[in-house]
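S.K.: No letters, just coordinates:
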């Protein structure tokens, strides 16, 4: 069940970048993923290596991070596998939306309970189960040393999946995350569609709420980078809610604000090395 | 005449990436360009900084290098401006071709003499005159310290423009260049269209031929990186012709072959730091 098709591969730095497709039982679609495997990992088949899962933001496929984040130089140096999945099921899905904020490209890393989304939009189970099974069955990836990070909607995804599945991930960080999906217009639109109008169903998918409940405490520190020229800062991201929640819970949060930087992959690439090192230190 | 429109800008690393448009008298079209300016340059207005011009390959716009090459970390560190222009005029041009090997995206860095290309496809004059004027009138770019480099068709462009205009550029390097456009199918098709069937008109645009004539000698060394898993290696690129020409002329050529690497920007990003450093050392 967890076989993968190898679509393409490129040598880069001291490693290989694979583009794969695999069938997900959760989404009932093929899923496209990029997987970087450093040489140091390939040579040491006796010791699978720490693996970082990257979750992308609205409208992204696996390619945005893979092409633009500049993550692999440091990953090769530190000997980390990096996995970048898609943000939703694609292709023959039962529902879609052309707003860029719902449907394909906008799975929000939740398991939809509502029609017409429920049959395919099962991104929480896809990321936390099917993807991990596929990666660990086919690449030298250590089940005991997983980290997760992401950007914007994917920052929300990384934080909420880490806090809801602390047995799966040992480190978590984010760029410009949607801090509180239940209070942000992007999040409200998606959660209403995928989970329905009962707001209690939204609570497990609100990073700031989870953090205030102490769900971040299995992680010694959470690293977040946020640009101060980000056009979505106040309306959609609201990083101050994470700071308040961390203070409430006594959670150590390394929240870094960066003057002049925006919401783009130019911001991400500027600080990606710090995130790779942050995870490498925690994953050993 | 050399004013530019600032279309967008992003802070990244310790610098700013600008997307500009400016009108080119040579191509009679607006031209799109990205320009990275490191902070160190912006702060020292008394001392304009060394500037690297990147020429892209077939089908590329200014964006491919800008998004995928990973060049700006090292450029910020070394204090270099990097300019990435488009590969052809765009928009309301008198001629085009949908093969991806001619017309828009495939200017080949020559001044066309043949109908219907002549009115707009004047990329040699654009790169060596109009672009330089626009950059140096609007950015802290030192007219005495220019380098040029490029990939594939743009590697051909960098080598031929440097050798034909040694007073303009002090350093030159290339990734996977078309070594001899008059002997490669891509080059033959483009040169026949732009310059006509008389092959003597092609000679100034053949890098290996220029090199064998000693035209590379103003440059102390030429750096070339070539992947050995490049699918275009034998049919279109023929790097051995550059090695033979360099030997004939007594030109120092640092030709590096890399096992497993292909023709993509994943190859370029793997070795871009070496090229930035190569130019920085020569441009001071």
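M.R.: Ah, there it is. As the structure is a computational prediction, the values presented were derived from the model and not from experiment. Numbering: from 1, shown residues only, chains lettered A, B, ... in the order given.
S.K.: any idea how far the residue in the stretch 51-200 of chain A positioned nearest to chain B lies from residue A:269?
M.R.: Going by Cβ to the nearest Cβ, chain B is nearest to residue A:70 of the stretch 51-200 of chain A, at 4.8 Å. For glycine as for every other residue, the C-beta is placed from the backbone atoms N, C-alpha and C. For residue A:70, the distance to residue A:269 equals 4 Å [Cβ to Cβ, to the nearest Å].
S.K.: same question, residue A:88
M.R.: Taken as Cβ to Cβ, the span from residue A:88 to residue A:269 is 24 Å.
S.K.: Those two: which is more packed in?
M.R.: It is residue A:88, of residue A:88 and residue A:269, that has more neighbours when counted by other Cβ atoms under 10 Å in any protein chain shown, with 26 against 20.
S.K.: helix/strand/coil for that one?
M.R.: coil (DSSP: H, G, I helix; E, B strand; the rest coil).
S.K.: tell me the phi and psi of the residue nearest to it when sequence neighbours are not counted?
M.R.: Ranked by Cβ to Cβ, 6 or more residues apart in numbering or on different chains and with sequence neighbours excluded, the top spatial neighbour of residue A:88 is residue A:107, at 3.5 Å. For residue A:107, the backbone dihedrals (degrees, to the nearest 10) come out as phi -70, psi -20.
S.K.: how many neighbours does residue A:107 have?
M.R.: 30.
S.K.: Also the one 10 residues further on?
M.R.: Using other Cβ under 10 Å, the number of residues around residue A:117 comes to 26.
S.K.: just residue A:116 next, same as before
M.R.: 14.
S.K.: now the residue lying closest to it once chain neighbours are set aside: how far from residue A:154?
M.R.: Leaving aside its chain neighbours, residue A:116 sits nearest to residue A:95 (3.8 Å; criterion: Cβ to Cβ, 6+ apart). The gap separating residue A:95 from residue A:154 is 21 Å, by Cβ to Cβ.
S.K.: returning to what we had before: for the residue of the stretch 51-200 of chain A closest to chain B, give me its contacts.
M.R.: A:269, A:272, B:70, B:73, B:269 (Cβ atoms under 8 Å, 6 or more residues apart in numbering or on different chains).
S.K.: nearest to residue B:158, of those residues?
M.R.: residue B:269 (17.5 Å; Cβ to Cβ).
S.K.: Surely the closest one is in a helix?
M.R.: Yes. Remark: residue B:269 belongs to a helix, assigned using three-state DSSP.
S.K.: mind checking which helix or strand the closest residue in space to it that isn't next to it in sequence is in?
M.R.: Leaving aside its sequence neighbours, residue B:269 sits nearest to residue B:70 (Cβ to Cβ, 6+ apart; 3.9 Å). Under DSSP states H and E, no helix or strand contains residue B:70.
S.K.: for the one 3 residues further on, same thing?
M.R.: Mapping residue B:73 onto the secondary structure by DSSP H and E places it in helix B:72-78.
S.K.: So that helix, near chain A or not?
M.R.: Yes. Contact of helix B:72-78 with chain A (Cβ under 8 Å from any Cβ of the partner chain) involves B:72-73.
S.K.: Can you give the contact residues for that helix?
M.R.: Under Cβ under 8 Å, 6+ apart, the answer for helix B:72-78 is A:70, A:269, B:12-15, B:17, B:36, B:38-40, B:52, B:81-82, B:272-273, B:276-277, B:280.
S.K.: Could you do stretch A:189-199 as well?
M.R.: Applying Cβ under 8 Å, 6+ apart, the set of residues contacting stretch A:189-199 is A:97, A:101-102, A:106, A:108, A:110, A:112-114, A:117, A:121, A:181-182, A:201-202, A:205.
S.K.: Please identify the buried residues of that stretch?
M.R.: Within stretch A:189-199, the residues that qualify as buried are A:189-195, counting by 16 or more other Cβ atoms under 10 Å in any protein chain shown.
S.K.: what does stretch A:226-234 give?
M.R.: In stretch A:226-234, counting by 16+ other Cβ under 10 Å, buried: A:226-227, A:230, A:232-233.
S.K.: Just the residues contacting that stretch, thanks.
M.R.: Against stretch A:226-234 from outside (Cβ under 8 Å, 6+ apart): A:152, A:175-176, A:237, A:239, A:255-263, A:267, B:11.
S.K.: Can you classify whichever residue of the stretch 101-250 of chain A sits closest to chain B by secondary structure?
M.R.: Per Cβ to the nearest Cβ, residue A:229 is where the stretch 101-250 of chain A lies closest to chain B, at 7.0 Å. Following three-state DSSP, the label given to residue A:229 is coil.
S.K.: Roughly how far does it sit from residue B:16?
M.R.: For residue A:229 relative to residue B:16 (Cβ to Cβ), the value is 11 Å.
S.K.: which residues do these two both contact?
M.R.: With Cβ under 8 Å, 6+ apart as the test, residue A:229 and residue B:16 both reach residue A:260.
S.K.: Who are the contact partners of the residue most central in space within chain A?
M.R.: By Cα atoms, centre = their mean, chain A has its centre lying nearest to residue A:55, at 2.3 Å. Residues in contact with residue A:55 (Cβ under 8 Å, 6+ apart) are A:85, A:87, A:109, A:127, A:148-151, A:153-155, A:157-158, A:161.
S.K.: Please repeat the previous calculation with a cut-off of 7 Å.
M.R.: Neighbour list for residue A:55: A:109, A:148, A:150, A:154, A:157-158 [criterion: Cβ atoms under 7 Å, 6 or more residues apart in numbering or on different chains].
S.K.: what about burial for those, which qualify?
M.R.: By 16+ other Cβ under 10 Å, these give A:109, A:148, A:150, A:154, A:157-158 as buried.
S.K.: rewinding a little: which single one of the contacts of residue A:70 is nearest to residue A:213?
M.R.: Of these, the one sitting nearest to residue A:213 (Cβ to Cβ) turns out to be residue A:272, at 29.6 Å.
S.K.: Checking that closest one next. Helix, strand or coil?
M.R.: With three-state DSSP as the basis, residue A:272 sits in helix.
S.K.: Quick check: closest non-adjacent residue to it.
M.R.: Closest to residue A:272 by Cβ to Cβ, 6+ apart is residue A:71, at 4.9 Å.
S.K.: So that neighbour sits against residue A:82, correct?
M.R.: Yes. Residue A:71 is within contact range of residue A:82, at 5.9 Å (criterion: Cβ atoms under 7 Å).
S.K.: Could you check which of these two has the larger neighbour count?
M.R.: residue A:82 (27 against 24).
S.K.: With adjacent residues omitted, what lies nearest to that one?
M.R.: Nearest residue to residue A:82, sequence neighbours excluded (Cβ to Cβ, 6+ apart): residue A:36, at 4.5 Å.
S.K.: and whichever strand or helix holds residue A:148, which residues are buried?
M.R.: Counting by DSSP H and E, the element that carries residue A:148 is strand A:141-151. The neighbour-count check on strand A:141-151 (16+ other Cβ under 10 Å) flags A:141-142, A:145-151 as buried.
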